[in-house]
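Asker: Coordinates only, no sequence provided:
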Ligand code: DOR
Ligand code: ZN
């Protein structure tokens, strides 16, 4: 039986939610990952030191028997220097959402006025706090990410020492940006290494594959694969696993988000093996993130095995990607 072992896998973009949903999904990530960058788009968002500490405690309480480091983020607003100094030790990054662009982002940034943002972004740069960005405009859905490239350029050139992570990139335009500015990095999801828009709406409409940013064209998929499979040192894995209850997905008005937490490593093995690049998966799922963020997760070793695995129909109230279907790899052991 073919196996593949990974050390300290990290999920650098993860939605864990809160309450019962947190209790359902956090153990699934904690089982196979050493840590994850936890998104702050709760209702209300994570925006004070008390919010960060209390949310981290709830996460830890939801994963009592596993080692899992929740790397906490703060919801971007124009914060002052004193506040940022008071939270720097408790966060790994600050997550910026354009206002209203996706789930629970209403309190995000309404206009990218650099002067209004300068104190916050310059202080983040000085304190070494990376800026994670949901990079979409409110334009035509297939063009939203490409249209956002000019904002990435503005941010990258205005704050050349600020680490800026282009989250869940989906386009060749974003891939091309990586080498243009030293301070730009990116996360890539597993579903965006598999899907194009055709898979979402080209045949029957697939609500469980609907997310933001939406999957794009074949040439975009190729561009994402080219940097992920080579483990380009500026890209890292971030699942954007985004659970919603089944009745919010299979609905008239489907919530955006693909739930991949329990199968993401298995799918990554399948993709990397298919292109004969399994040797690069370690860098993509852990080493690059350790270098980019300067983190050193505690030891975890996970061995995956190439054998058919039937994806459960649901985890609690959530339907995962590929529910009821067979995937090619399974988790064999975790130490
Ligand atoms: O599909 C998405 N779901 N994209 C996001 O940006 C947010 C996420 C969520 O929180 O559900
Ligand atoms: Zn997200």
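Answerer: Everything's here; your move. Bear in mind that the values here come from a model prediction, so they are computed numbers and not experimental data. Numbering: from 1, shown residues only. Ligands and ions are numbered 1, 2, ... in the order given.

Asker: Only C-alpha atoms from now on, for both contacts and neighbour counts.
Answerer: OK.

Asker: Please report the distance of the closest residue to residue 158 other than its chain neighbours from ligand 1.
Answerer: Distances taken as C-alpha to C-alpha, 6 or more residues apart in numbering place residue 114 nearest to residue 158, at 8.0 Å, with adjacent residues excluded. Using C-alpha to the nearest ligand atom, to the nearest Å, residue 114 is found at 23 Å from ligand 1.

Asker: What pLDDT is listed against residue 114?
Answerer: With respect to pLDDT, residue 114 scores 97.

Asker: what's the neighbour count on it?
Answerer: 14 (other C-alpha atoms under 10 Å).

Asker: try residue 299
Answerer: The burial count for residue 299: 11, using other C-alpha under 10 Å.

Asker: same deal with residue 88?
Answerer: Counted with other C-alpha under 10 Å, residue 88 comes out at 16.

Asker: And for residue 111?
Answerer: Residue 111 has 10 nearby residues by other C-alpha under 10 Å.

Asker: Excluding chain neighbours, what is closest to it?
Answerer: Closest to residue 111 by C-alpha to C-alpha, 6+ apart is residue 98, at 7.8 Å.

Asker: Roughly how far does the one you found sit from ligand 1?
Answerer: Note on residue 98: its distance to ligand 1, by C-alpha to the nearest ligand atom, is 10 Å.

Asker: which SS class is the residue nearest to residue 333 when sequence neighbours are not counted?
Answerer: In space, and not counting its chain neighbours, residue 333 is closest to residue 303: 5.2 Å by C-alpha to C-alpha, 6+ apart. With DSSP: H, G, I helix; E, B strand; the rest coil as the basis, residue 303 sits in strand.

Asker: Do I have it right that residue 303 meets residue 269?
Answerer: No - Residue 303 lies out of contact with residue 269 (C-alpha atoms under 8 Å); the separation is 10.6 Å.

Asker: quick one on the thing from earlier: for the residue nearest to residue 333, name its beta-bridge partners.
Answerer: residue 5, residue 333 (DSSP bridges).

Asker: likewise residue 236?
Answerer: Residue 236 forms beta bridges with residue 187, as assigned by DSSP bridges.

Asker: residue contacts, it?
Answerer: 12, 186-188, 228, 283-286, 288-289 (C-alpha atoms under 8 Å, 6 or more residues apart in numbering).

Asker: let's see it at 6 Å
Answerer: Each residue near residue 236 by C-alpha atoms under 6 Å, 6 or more residues apart in numbering is listed here: 187, 284, 288-289.

Asker: Excluding residues flanking it in the chain, which one is nearest the most centrally placed residue in the chain?
Answerer: Nearest residue to the geometric centre of the chain (C-alpha atoms, centre = their mean): residue 13, 2.4 Å. Spatial nearest neighbour of residue 13, excluding adjacent residues (C-alpha to C-alpha, 6+ apart): residue 238 at 4.3 Å.

Asker: thinking the one you found is in contact with residue 185, fair?
Answerer: No - applying C-alpha atoms under 6 Å, one finds residue 238 not in contact with residue 185, separated by 11.9 Å.
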